[in-house]
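Q: Sequence and computational prediction follow.
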Amino acid sequence: MVIEDNISPELERIRQELKKLKNMCIHVGIQGAPGFSKDGGAAEGAPADLLTIAGVHEFGATIKPKTVKHLAIPIDKKAAGKSPKDFEGLFFIKSDGYLFGCISPKRKGEGPKRKTSPSGKEPDLKKHKNEFHKPEEEDIQFLFLLLESASIPERSFIRAGYDNSRDELNQACREALEGILFEGWDAETAANHIGMKAVGCIQMYMSASSNFKEKGDITKETSNWPDNPLVETGRLRNSITYRIEGGGS
């Protein structure tokens, strides 16, 4: 009678795959290198501008102009994605210490100087628009708020998304181990399972606007998603990927 040993080879397979998995590092976030999406599909690396945007939201930042005196912040949807140079006849109005870039079909060039008092508060856009919007005399459109700097608050979505999803990620890790032990998964399959779950968890965290400090009134004026400070086009959220590093025996 010949007894065939089917257990030892399987135990050795499990040992080798667990060793490979232990040596793997799963990177999740907005990455410059190519990776994989939450569905496991290949994904290009994020461009430099998106990496910068992600860092600003994750850690907060104070933004200052490099080549001009003021930042031009769009406060009307007509100005979204544009600069003051894109509007012929743009003129400036100063009110309560704030400088606004405006256009009007009846006015060209520099607007009238007004005596003002500096204010440390965010300007009340409705107040200023109502003050100058006189259809019977002149139709003024407020397009830009000009600032010497702008502070972006920290809205961590990767670190906070990970912390908020610990239970789901622990479950994904258990499922990965069970896959190797009982379903014949290799280490790469197990790591992909964890990576896809991690990407999905962070994207879900980003989609919940209650997780973040809300947008200011200025940003809401030009936003298609005024209730969510991290979602405008979905480009940032959809650029979250994972990549696997290591895994050698």
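A: Great, that's in hand.
Q: The protein: strands as residue ranges?
A: 24-30, 35-36, 42-43, 61-63, 71-74, 91-95, 98-103, 141-147, 150-152, 240-246 (DSSP state E).
Q: ok, residues contacting the fourth one?
A: Spelled out, that is strand 61-63. 55, 56, 71, 149, 150, 151, 152 (Cβ atoms under 8 Å, 6 or more residues apart in numbering). (Each C-beta comes from the backbone N, C-alpha and C, glycine too.)
Q: would you put the C-alpha positions of stretch 78-92 in CSV?
A: The C-alpha trace of stretch 78-92 is given here as CSV (Å, rounded to 0.1, in the frame of the first residue of the first chain):
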residue,chain,number,x,y,z
LYS,A,78,-18.1,82.4,-15.3
ALA,A,79,-14.5,82.8,-14.0
ALA,A,80,-14.0,79.2,-12.9
GLY,A,81,-10.8,77.8,-14.4
LYS,A,82,-9.8,81.2,-15.9
SER,A,83,-7.6,84.1,-15.0
PRO,A,84,-8.2,87.9,-15.1
LYS,A,85,-6.3,88.0,-18.4
ASP,A,86,-9.1,86.1,-20.1
PHE,A,87,-11.6,88.9,-19.6
GLU,A,88,-11.3,92.0,-21.7
GLY,A,89,-12.1,95.2,-19.9
LEU,A,90,-11.6,93.8,-16.4
PHE,A,91,-11.5,96.5,-13.8
PHE,A,92,-11.1,96.5,-10.0
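Q: Check the offset of that stretch from the chain's centre.
A: 25 Å (Cα atoms, centre = their mean, to the nearest Å).
Q: average pLDDT for it?
A: What stretch 78-92 shows for mean pLDDT is 91.
Q: ok, now stretch 16-26?
A: 96.
Q: May I have that stretch as PDB, with CA atoms only?
A: Taking C-alpha atoms only, stretch 16-26 is exported to PDB below (Å, rounded to 0.1, in the frame of the first residue of the first chain):
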ATOM      1  CA  GLN A  16       6.100  30.300   0.800                       C
ATOM      2  CA  GLU A  17       3.100  32.400  -0.100                       C
ATOM      3  CA  LEU A  18       2.800  33.800   3.500                       C
ATOM      4  CA  LYS A  19       6.500  34.600   3.400                       C
ATOM      5  CA  LYS A  20       6.100  36.500   0.100                       C
ATOM      6  CA  LEU A  21       3.000  38.400   1.500                       C
ATOM      7  CA  LYS A  22       4.900  39.400   4.600                       C
ATOM      8  CA  ASN A  23       7.700  40.900   2.400                       C
ATOM      9  CA  MET A  24       5.200  42.900   0.300                       C
ATOM     10  CA  CYS A  25       4.400  46.600   0.900                       C
ATOM     11  CA  ILE A  26       1.100  47.900  -0.400                       C
END
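Q: Quick check: buried residues in it?
A: Neighbour counts over stretch 16-26 (16 or more other Cβ atoms under 10 Å) mark 17, 20, 21, 24, 26 as buried.
Q: Select, from these, the two members most distant in space.
A: 17 and 26 (15.4 Å; Cβ to Cβ).
Q: ok, the residue lying closest to residue 228 once chain neighbours are set aside - contacts?
A: Of all residues not flanking residue 228 in the chain, residue 209 sits nearest, at 4.0 Å (Cβ to Cβ, 6 or more residues apart in numbering). Neighbour list for residue 209: 227, 228, 229, 231 [criterion: Cβ under 8 Å, 6+ apart].
Q: Tell me the one among these nearest to residue 95.
A: Using Cβ to Cβ, the contacts of residue 209 come closest to residue 95 at residue 229, 26.4 Å.
Q: what helices or strands is the longest helix along the chain leaning on?
A: Longest helix in the chain by number of residues (criterion: DSSP state H): helix 187-207. Secondary-structure packing of helix 187-207 (3 or more Cβ pairs under 8 Å, 6 or more residues apart in numbering; DSSP states H and E): helix 7-22, strand 24-30, strand 35-36, helix 159-164, helix 166-182, helix 235-238, strand 240-246.
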